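what follows is a predicted structure for the sequence shown.
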Amino acid sequence: MHTYLKTAMYVYQSHAMLHKMVFYTYHGLPSIILHNLQNETLSNRNQQTYLHISASNSY
């Protein structure tokens, strides 16, 4: 009985872990990708601004 309980707990925990992983995979990935895209566009914009400023300063 005790072993059965232990096994049940283990199965339950790994099952919950699996659900978490699936959840993060399906819900986390899009936001991570979006976040990376936003960061890339931001850094690109900053580079363009910087280039623009340095070009203006050279005159």
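Arrived safely, thanks for sending.

show me where the chain has helices.
For the chain, the helices defined by DSSP state H cover 2-23, 29-58.

tabulate these in JSON lines, adding columns for mean pLDDT.
Listed next are the helices of the chain as JSON lines, based on pLDDT from 0 to 100:
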{"stretch": "helix 2-23", "mean pLDDT": "81"}
{"stretch": "helix 29-58", "mean pLDDT": "70"}
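
would you list the ones you listed in TSV and tack on mean neighbour count?
To be clear about C-beta, it is placed using only N, CA and C from the backbone, and glycine gets the same treatment. Shown next, in TSV, are those (neighbours: other CB atoms under 10 Å):
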stretch	mean neighbour count
helix 2-23	10
helix 29-58	10
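
quick one: Leu18 from Leu29, how far?
With distances taken as CB to CB, to the nearest Å, Leu18 is found 16 Å from Leu29.

same check on Met17?
Using CB to CB, one obtains 18 Å as the distance from Met17 to Leu29.

what about Ser31, distance to Ser43?
Distance, Ser31 to Ser43, using CB to CB: 19 Å.

check Ala8 too.
Separation of Ala8 from Ser43 (CB to CB) stands at 50 Å.

tell me the pLDDT at Gly28?
Among the per-residue scores, Gly28 shows a pLDDT of 71.

residues contacting it?
Not one residue lies near Gly28 by CB atoms under 8 Å, 6 or more residues apart in numbering.

against His15, how distant is it?
Separation of Gly28 from His15 (CB to CB): 19 Å.
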